[in-house]
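**Student:** sharing a sequence plus its predicted fold:
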Amino acid sequence: MLRQEQIARIIDSQQDYFLAKDPGFIRDSLSEIPVLENYATIITGQRRCGKSTLLLQLMKQKFQKAIYLNFEDIRLIGFESADFSRLYSEIQLRSVRVIFLDEIQLIEKWEIFVNQLLREGFSVFVTGSNASLLSKELGTHLTGRQLSKELFPFSYQEFIAFTKRAASAESLEVYLKIGGIPEFVKTENELIITSLLDDILVKDIAVRHGIRDVVSLKQLALYLLSNIGVPTSANKLIGMFGIKSAVTILDFFSYFQDAYLIDFVPQFSYSLKAQNRNPKKVYAMDMGLVAAISTSFSENIGRKLENLVYLHLRRKYNSIHYFNDRGECDFVLSQKGKVTHAIQVCYHISDENFAREYAGLIHAMDFFNLEYGVIVTENQRDRFEEKGKVIELVSAFEYLSKPI
């Protein structure tokens, strides 16, 4: 429990430090943040992907007067849900109508407090490193008055702008190696990525969910990060790392997703039961995390490029599947229940793999009645036409430089 005087001092201290910071590189997502009176804007994303900086950019661009409070401050370690009443009193004393609450998911019943602010006409911006902030249950607590936005690490376009590089095979290779965590891109200090991985696993997952067997949790995470692009199921992993229950493994999977560490892409099927039953492909939510555990850059280079393309697609599409029927297609994208795009990824097309990659894409295009498909490569270009269908080979740096 904290006294109101303590809360006031922390707000002043944080505010001075926060507003004195350089807003830095302007993120593409800044223009996409929904701003509406009497609504809570919920911004979620991986640790250190730039959520606090995005709040600073938003505050300096649109709000001259606001309160900012970061709940990861060690001085707030004793903050309890009952302390929200004292925080509310402090807000009233300052006559401020715009509130920024950073990493608020650390405090229980925060959504009740935010709901109270909304009822009284405040504009509230909330960040958190957990995707459950976007859940349907949250919508129930906030009576539907929330607008959601996910923030990801630097896209390839942001990466080349930040590092002042040109779009090229060379800059793509660097991006493929280090990913898009802003601080890591700036310094390339590997300790940043290893400590980030540890913070996600311990603070965002183990502590939050009361997991005692942290060793097994870490071993499973490292295994998945080492097997990106590979279909995986909980049943196949039973017994590995001392985990004997498929239910426990599925719980760990959901925790990894919520913390924006790893994502899982289902195999396409019109049956939801089949989608849940079939293995799902594993993808890391930033390539720097993969590099942190890889022994060499060339290891599984094709799967790394596939992961990179997935991250590009994930920024726009929530409905992404892989297709496997008389051949495999890496990604099929859906909008409003209809598949609109088919994308194959192959680091280098050769005489040995061309027929397989081409056939997998054609099968998907036939199945979904698509006239256009893409094969993303490291640095190859070509165009094929067959029976009214067009397939283009495109270089990854060109593909990632353009809107989907």
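**Tutor:** Thanks, I have the structure now.
**Student:** which residues touch residue 280?
**Tutor:** With contacts defined as Cβ atoms under 8 Å, 6 or more residues apart in numbering, the neighbours of residue 280 are 231, 232, 233, 264, 265, 266, 267. All C-beta spots, glycine's among them, are computed from the backbone N, C-alpha and C.
**Student:** for those residues, work out which two are farthest apart.
**Tutor:** 233 and 265 (12.9 Å; Cβ to Cβ).
**Student:** which one's more surrounded, these two?
**Tutor:** When residue 233 is set against residue 265 and neighbours are counted by other Cβ atoms under 10 Å, the residue ahead is residue 265, at 19 against 16.
**Student:** next up, phi/psi of the more buried one, please.
**Tutor:** Note on residue 265: backbone dihedrals following degrees, to the nearest 10 are phi -110, psi 120.
**Student:** any idea what it is bridged to?
**Tutor:** The bridge-partner assignment for residue 265, based on DSSP bridges, gives residue 281.
**Student:** quick thing: my sequence starts at 166, can you match it?
**Tutor:** All set: I'll call the first residue 166, so the last point we hit is now residue 430.
**Student:** for it, what are its contacts?
**Tutor:** Taking Cβ under 8 Å, 6+ apart as the definition of contact, the neighbours of residue 430 are 445, 446, 448, 475, 485, 486, 487, 496.
**Student:** and the fifth one, what does it touch?
**Tutor:** The one in question is residue 485. 430, 475, 478, 479, 496, 497, 498, 499.
**Student:** with the second one instead?
**Tutor:** Contact partners of residue 446, counting by Cβ under 8 Å, 6+ apart, are 394, 395, 396, 397, 429, 430, 487.
**Student:** redo those as JSON lines? Include distance to residue 203, secondary structure and pLDDT.
**Tutor:** Converted to JSON lines, these look like this (distance: Cβ to Cβ, whole Å; DSSP: H, G, I helix; E, B strand; the rest coil; pLDDT from 0 to 100):
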{"residue": "394", "distance to residue 203": "44", "secondary structure": "coil", "pLDDT": "97"}
{"residue": "395", "distance to residue 203": "46", "secondary structure": "coil", "pLDDT": "96"}
{"residue": "396", "distance to residue 203": "45", "secondary structure": "strand", "pLDDT": "97"}
{"residue": "397", "distance to residue 203": "43", "secondary structure": "strand", "pLDDT": "97"}
{"residue": "429", "distance to residue 203": "36", "secondary structure": "strand", "pLDDT": "98"}
{"residue": "430", "distance to residue 203": "36", "secondary structure": "strand", "pLDDT": "98"}
{"residue": "487", "distance to residue 203": "41", "secondary structure": "strand", "pLDDT": "98"}
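**Student:** of those, just the buried ones, PyMOL syntax please.
**Tutor:** Only the buried members of the contacts of residue 446 enter the following PyMOL selection, criterion being 16 or more other Cβ atoms under 10 Å:
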select buried, resi 394+396+397+429+430+487
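**Student:** one step back: out of the contacts of residue 430, which comes closest to residue 546?
**Tutor:** Within those, proximity to residue 546 (Cβ to Cβ) peaks at residue 496, which comes in at 19.6 Å.
**Student:** how about low-confidence regions in the stretch 266-415 of the chain?
**Tutor:** Within the stretch 266-415 of the chain, the stretches with pLDDT under 70 are 299-302.
**Student:** out of the contacts of residue 485, who's nearest residue 196?
**Tutor:** The shortest approach to residue 196 among the contacts of residue 485 belongs to residue 479, at 19.2 Å (Cβ to Cβ).
**Student:** I figured that closest one hits residue 317, correct?
**Tutor:** Yes: counting by Cβ atoms under 8 Å, residue 317 is a contact partner of residue 479 at 7.4 Å.
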